[in-house]
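Peer 1: I would like the atomic coordinates for the input below:
(chains A, B, C and D)
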There are 2 protein chains.
Amino acid sequence: MTPTLRDVPTTTAPLYRIGEAADLVGTSCRTLRYYEELGLLRPASHSAGGARRYTEEDVARLRRIRELQELLGFDLGEIGDILRSEDQLAGLRSEVESGVTPERHRQILAEAIEINDRLRGLVRAKQSRLEAMMQELETKARKYRARSRELGS
Amino acid sequence: MTPTLRDVPTTTAPLYRIGEAADLVGTSCRTLRYYEELGLLRPASHSAGGARRYTEEDVARLRRIRELQELLGFDLGEIGDILRSEDQLAGLRSEVESGVTPERHRQILAEAIEINDRLRGLVRAKQSRLEAMMQELETKARKYRARSRELGS
DNA sequence: ACCTAACCTAACGTTGACGTAAACTGTGAC
DNA sequence: GTCACAGTTTACGTCAACGTTAGGTTAGGT
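Peer 2: Numbers count the residues shown, from 1 in each chain, chains lettered A, B, ... in the order given. Here you go, the predicted model:
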């Protein structure tokens, strides 16, 4: 097997096939394709034949999507909004910063800050509700244990 | 307006109509009827004409359902299981305890403890995931603020 | 008595987030 | 080359959790 162009530079970062990426986060291929359809997750590259190839970064993004979905309860549309805004911010860093006016820069940053604030607020809210629920559960647990003792084994 | 029999004892506990109960927890009438259909929430009484009347306790149960749904992400079937098991336990206390064998008593209590353990485990898991997410969000927030300063107003 | 808003049941519709099937193609070990 | 498995697109199916509509009844204030 002669080395191809792609192998030349050094050890290349691992690329995952769709099934592998799906397994890594515990979901299905269908789900990844669906996310792509919604514009949430575009694989970094494709094989010659057109098969999707995901980078580690893609997988991280996928995990992010699931967190926002399962932990915070956003629907995929809202998640799209959040990711898009973060992508814009990331775009700023990587691009040559000429071409984007300072006003635009500030606007994008402001948007990111707003979303960050909102998310933190939501997380705090959930945390306090969870804390309250935990209190109740522990109170009940104590009652159960008392009751259990008074019953004998 | 002559007092009716229902008014005799003392000030009677307030009963909510379906719309009021729904508003109290921020949901719809349809949702309450649906929960009833699933056996999750049966109103304590009905008006003469058949309209549902919910007690404060019913509303609390309704809130419980929403917590389990929104906070912990259970589906309505699982929530039914949880509530049913707790109902059994409550039934034990209220009934004359003759008629239920000690073995049965122990079994019901064991089931309640198991569910309580499971819930507490789930809550802890969510709490730690939320804590991790919060850390990331705060790290980002710090970056954003630094970036914002370096931009000037 | 009357009027309106809120309620009832029954049934069909909707939406989000995928699952699944069909028919075909690419991948890579042997 | 060939074989099996993994991938592709297209499209229809599914399921939970309600929303909505229709057609009628009740509640309670004036």
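Peer 1: Setting the sequence-adjacent residues aside, check what's closest to the residue nearest the centre of chain A.
Peer 2: Centrality entry for chain A: nearest residue to the mean C-alpha point is A:Arg64, 0.9 Å, by C-alpha atoms, centre = their mean. Residue nearest to A:Arg64 in three dimensions, not counting chain neighbours: A:Leu83, with 7.5 Å by C-beta to C-beta, 6 or more residues apart in numbering or on different chains. For glycine as for every other residue, the C-beta is placed from the backbone atoms N, C-alpha and C.
Peer 1: roughly how far apart are the one you found and B:Lys126?
Peer 2: To B:Lys126, A:Leu83 is 22 Å away according to C-beta to C-beta, to the nearest Å.
Peer 1: and if you look at A:Gly121?
Peer 2: Distance, A:Gly121 to B:Lys126, using C-beta to C-beta: 17 Å.
Peer 1: repeat for A:Glu111
Peer 2: 28 Å.
Peer 1: Show me which of the two is the more surrounded one.
Peer 2: B:Lys126 (20 against 16; other C-beta atoms under 10 Å in any protein chain shown).
Peer 1: What ranges does chain A have for its helices?
Peer 2: Taking DSSP state H as the criterion, chain A carries its helices at A:18-25, A:29-37, A:56-70, A:76-94, A:102-151.
Peer 1: which parts of the shortest one are buried?
Peer 2: By neighbour count, with 16 or more other C-beta atoms under 10 Å in any protein chain shown as the criterion, the buried positions of helix A:18-25 are A:18, A:21-22.
Peer 1: do the fourth one as well
Peer 2: By neighbour count with 16+ other C-beta under 10 Å, helix A:76-94 contains the buried residues A:79-80, A:82-83, A:85-86, A:89, A:92.
Peer 1: what does stretch A:59-78 give?
Peer 2: In stretch A:59-78, counting by 16+ other C-beta under 10 Å, buried: A:59, A:61-62, A:64-65, A:67-68, A:71-72, A:74.
Peer 1: now stretch A:124-132
Peer 2: Neighbour counts over stretch A:124-132 (16+ other C-beta under 10 Å) mark A:126-127, A:130 as buried.
Peer 1: can you redo these as a markdown table with pLDDT?
Peer 2: Formatted as a markdown table, these follow (pLDDT from 0 to 100):
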| residue | pLDDT |
| --- | --- |
| A:Lys126 | 97 |
| A:Gln127 | 97 |
| A:Leu130 | 97 |
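Peer 1: Reformat those residues as JSON lines; add distance to A:His105.
Peer 2: Below are those laid out as JSON lines (distance: C-beta to C-beta, whole Å):
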{"residue": "A:Lys126", "distance to A:His105": "32"}
{"residue": "A:Gln127", "distance to A:His105": "33"}
{"residue": "A:Leu130", "distance to A:His105": "37"}
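Peer 1: ok, and which of those reach DNA strand C?
Peer 2: Contacts with DNA strand C within those, counted by C-beta under 7 Å from any atom of the strand: none were found.
Peer 1: re the thing from before, and which of the buried residues of helix A:18-25 is nearest B:Met134?
Peer 2: Closest approach to B:Met134 among the buried residues of helix A:18-25 (C-beta to C-beta): A:Ala21, at 26.5 Å.
Peer 1: Leaving out the residues flanking it, which one is nearest to the closest one?
Peer 2: A:Tyr54 (4.2 Å).
Peer 1: do A:Arg61 as well
Peer 2: In space, and not counting its chain neighbours, A:Arg61 is closest to A:Leu41: 5.8 Å by C-beta to C-beta, 6+ apart.
Peer 1: same check, this time on A:Ala112
Peer 2: Nearest one to A:Ala112, counting by C-beta to C-beta, 6+ apart, is A:Leu89 at 4.6 Å.
Peer 1: just to revisit the earlier point, quick check: pLDDT value at the residue nearest to the centre of chain A.
Peer 2: With respect to pLDDT, A:Arg64 scores 97.
Peer 1: what do you get for the one 10 residues further on?
Peer 2: Looking at A:Phe74, its pLDDT is 97.
Peer 1: Then the one 3 residues further on?
Peer 2: Here, the pLDDT recorded for A:Gly77 equals 97.
Peer 1: Same question for A:Gly39.
Peer 2: 97.
Peer 1: Same check on A:Pro9?
Peer 2: A:Pro9 is given a pLDDT of 46.
Peer 1: is any part of the helix or strand of chain A with the lowest mean pLDDT close to DNA strand D?
Peer 2: Least confident helix or strand of chain A, by mean pLDDT, DSSP states H and E, is helix A:76-94 with a mean of 92. No - on the criterion C-beta under 7 Å from any atom of the strand, helix A:76-94 is out of touch with DNA strand D, staying 14.3 Å away.
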